[in-house]
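J.: build me a model from this:
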Amino acid sequence: MKIFHDFCNYLSKITSIEELYLYLILSTVVVVLVFLGIKKLGILIFRKFLSGRREYVVNQAFKIVVNIGQIIVLLFIWDDYIKDLMTLISVVSAAMTIALRELILNFFCGLYIQIKKPFKVEDRIEIDGIKGDVMSISSLDFEVLEISNKEERGQSTGVVITFPNSMVFSKPVKNVTKGFKYVWDEITIKIKMDADLSENKKNLYKIVNELDVVKSIPKKMKEQINSINNSNRIYFNKFDPIIYTKLVDNHVELTIRYLMHPKKSRFIESVIWNKIYLAYKDGSIDLFTGAES
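T.: Numbering: from 1, shown residues only. Predicted coordinates for the structure are as follows:
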């Protein structure tokens, strides 16, 4: 420590900068570099012994711990000079003050996200009219992989959007996957007015219920609903696929409603439509094509 003080004294004589300020600045730089090295070392160790999602989760937790440790050390260094620092901050320009305020706000909003968890990594959210999957959450911002603007069924556009953490206070956040992973989806088909309604429904139920990605979900959904009801009151009286009937002009609309994972929606919809088409070709479903109108 004496060597460090002597070095600061030497620089002070050369640069004519007060020794106290040199000590604080150099100490801060050293602390930042040391903790940056700790982060890099941690990444290398986790990469060697872990992989996939586990590596990411452990690495994010490690970064949070390191950041907290860094803040504690810096507060210890600056403890006796906080009042002087606040005096210095009070005389900086208005623009600098606003920028600093935003940084502090984003930092504490980051703590709110980590504690309250309005969303987490891999959740599908919508904020400020933008939908996407959360890629990462840091102390100042979070990144979202944008999906196409088609309700919850959109696919990734490949565009990464960075939001400041303060957005969670200024804009409402819609979380598609919070609490439980599944959402309701619907497909509407038209059948002929004189078709056998019961037989068509029977064949449609068979198509939906034979899909592995659909038939296993009701049981999982019930378990998640029972679990989340400890803290949130959510009520569903039906979990299995259901078909609703509606008479429209010269045809009948059958709306198939079923549970699915929002990230698999487009795939599931495509599979169902392919099976409906094949059933139409072999005569087991009487699709209304509009030709009879």
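
J.: kindly report the domain assignment for the protein.
T.: 2-91, 124-175, 183-281 (automatic domain parsing).

J.: what's the end-to-end length of the longest one?
T.: Domain 183-281 has an end-to-end distance of 31 Å (CA to CA, to the nearest Å).

J.: gap between it and the chain center?
T.: Offset of domain 183-281 from its chain centre (CA atoms, centre = their mean, to the nearest Å): 26 Å.

J.: now do the strands in the stretch 101-250 of the chain.
T.: For the stretch 101-250 of the chain, the strands defined by DSSP state E, counting those that start in this stretch cover 124-127, 130-137, 141-147, 156-164, 173-175, 183-192, 242-248.

J.: deepest in the core, which of those is it.
T.: Stretch with highest mean neighbour count among the strands of the stretch 101-250 of the chain: strand 124-127 (a mean of 22; mean count of other CB atoms under 10 Å). Heads up, the C-betas are built off the backbone N, CA and C, glycines and all.

J.: what mean pLDDT does that one get?
T.: Strand 124-127 comes out with an average pLDDT of 88.

J.: can you show me the CA trace of it as PDB?
T.: What follows is strand 124-127, C-alpha atoms only, in PDB (Å, rounded to 0.1, in the frame of the first residue of the first chain):
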ATOM      1  CA  ARG A 124     -41.600 -14.400 -24.500                       C
ATOM      2  CA  ILE A 125     -42.600 -10.900 -23.800                       C
ATOM      3  CA  GLU A 126     -44.100  -7.800 -25.400                       C
ATOM      4  CA  ILE A 127     -43.000  -4.300 -24.400                       C
END
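
J.: the longest helix seen in the chain: which residues count as buried?
T.: In the chain, with assignment by DSSP state H, the single longest helix is helix 19-49. Within helix 19-49, the residues that count as buried by 16 or more other CB atoms under 10 Å are 22-24, 27, 31, 35, 38, 42, 46.

J.: closest one to Trp78 out of the residues you listed, please.
T.: The nearest member of these to Trp78, counting by CB to CB, is Leu24 at 6.6 Å.

J.: residues contacting Asn175?
T.: Asn175 makes contact with 118-119, 123-125, according to CB atoms under 8 Å, 6 or more residues apart in numbering.

J.: who is it paired with across the strands?
T.: Taking DSSP bridges as the rule, Asn175 bridges to Ile125.
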